[in-house]
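Enquirer: next comes the sequence, and after it the predicted model I'd like to discuss.
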Amino acid sequence: MKSLIKNLVYTILIMTITFNLFSCKKLVDSSVNEFKSFIDSREIDIINSDDESRLMDAIEKLQTNVGTIYINTTVINIKENSIINMTGFLSGGIIGMKQENGEYPRINFINKNGSHSGINIIGSNKYIQFIIIENAHGNGISILGNYNNLNQVVSRYNYGSGIVVFGDYNYINYCYSYRNCDATINSVNADGFRIYGDRDNIFNFCFAWDNANSGFNFVRIMNSSDIKYFHCASWNNGNINVFTGKYD
């Protein structure tokens, strides 16, 4: 009798695990399809040179227009304006185009005044794809709105955390965050990924390494079970020797 009960318990456990794995796969597949449906082929602008003012003008158009800003240049240096704000609720975003050398475009924040994030996604239904964010004086990217998507984005060398999520229902896919460090405040905010939003934020194939604080930091989240992450990893975070040049 005990053996029968034991086998029954094992069977129920296996069925439960199988159901959960199947549900997770469906969730990830659904999110991937949802991201693809976000991309709007209508061109707001295509930027072919290091032209900060043209990028800012295109970003402003996203508030009242659907469509995509395409960046087809190696780097855009942000000198005069220290922040990029993506606002509004219409579907729109930024996509980087692969360059001849095999690299994707960089948005490089040169102006070190203040402690602002490089990119603030304040609105909803926004997306960023194939872009490298670097050297922001605060966080690389801060997502304050809901239903936004990052796909194959790199955030590195920022003074705050690489990618910060305040909102809910955001999808972070194949994103990499490394070597973020804020020496001015002892790196308490320099995480790879810092998450405040607690409802159905999904992290899929995201990796964090060599950040001054944590790889993934879930802040003030009472029930983290609503944060879903698949195939993610972090390593060698919180190691100050990374930033002393010892390993270089």
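Expert: Everything's here; your move.

Enquirer: okay, CA-based contacts and neighbour counts for the rest of this
Expert: Noted.

Enquirer: let me see the backbone angles for residue 59.
Expert: Torsion angles at residue 59 (phi, psi; degrees, to the nearest 10) stand at phi -60, psi -40.

Enquirer: please apply the same query to the one 4 residues further on.
Expert: In this entry, residue 63 is assigned phi and psi values of phi -60, psi -30 (degrees, to the nearest 10).

Enquirer: so it makes contact with residue 89?
Expert: Yes. With contact defined as C-alpha atoms under 8 Å, residue 63 reaches residue 89; the gap is 7.4 Å.

Enquirer: where does the prediction get shaky in this structure?
Expert: 1-38, 81, 111-115, 183-188, 220-225, 248 (pLDDT under 70).

Enquirer: now the helices: where do they sit in it?
Expert: Secondary structure of the chain (DSSP state H): helices at 2-38, 52-61.

Enquirer: tabulate the CA atom coordinates of stretch 170-178 in CSV.
Expert: Provided in CSV are the C-alpha atoms of stretch 170-178 (Å, rounded to 0.1, in the frame of the first residue of the first chain):
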residue,chain,number,x,y,z
ASN,A,170,7.9,43.8,-20.3
TYR,A,171,9.8,41.3,-22.4
ILE,A,172,13.6,41.2,-22.3
ASN,A,173,15.0,38.8,-24.8
TYR,A,174,18.7,37.9,-25.5
CYS,A,175,20.0,40.9,-23.7
TYR,A,176,23.5,41.3,-22.2
SER,A,177,24.6,43.6,-19.5
TYR,A,178,28.3,43.8,-18.4
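
Enquirer: how about residues contacting that stretch?
Expert: 31, 35, 146-157, 162-163, 192-193, 200-211 (C-alpha atoms under 8 Å, 6 or more residues apart in numbering).

Enquirer: from these, list just the buried residues.
Expert: For those, a burial check counting by 16 or more other C-alpha atoms under 10 Å picks out 31, 35, 146-157, 162-163, 192-193, 200-204, 206-211.

Enquirer: among those residues, name the ones in strands.
Expert: Judged by DSSP state E, the buried ones among the contacts of stretch 170-178 include 149-156, 163, 193, 202-204, 207-209 as members of strands.

Enquirer: identify, from those residues, the entry nearest to residue 219.
Expert: Proximity of these to residue 219 (C-alpha to C-alpha) peaks at residue 193, which lies at 10.5 Å.

Enquirer: residues in a beta bridge with the closest one, which ones?
Expert: In this entry, residue 193 is beta-bridged to residue 163, residue 216, by DSSP bridges.

Enquirer: quote the end-to-end distance of stretch 174-192.
Expert: 13 Å (C-alpha to C-alpha, to the nearest Å).

Enquirer: do I have it right that residue 168 meets residue 201?
Expert: Yes. At 5.7 Å, residue 168 counts as touching residue 201 under the criterion of C-alpha under 8 Å.

Enquirer: burial count for residue 101?
Expert: The tally of other residues near residue 101 (other C-alpha atoms under 10 Å) stands at 7.

Enquirer: er, residue 242 actually
Expert: Residue 242: 17 neighbours (other C-alpha under 10 Å).

Enquirer: how about the contacts made by the spatially closest residue to it that is not a sequence neighbour?
Expert: In space, and not counting its chain neighbours, residue 242 is closest to residue 210: 6.5 Å by C-alpha to C-alpha, 6 or more residues apart in numbering. When contacts are counted by C-alpha under 8 Å, 6+ apart, residue 210 touches 178-180, 235-239, 242.

Enquirer: mind putting those into CSV with distance to residue 227?
Expert: Output for the contacts of residue 210, formatted as CSV (distance: C-alpha to C-alpha, whole Å):
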residue, distance to residue 227
178, 21
179, 24
180, 23
235, 20
236, 23
237, 21
238, 23
239, 26
242, 29
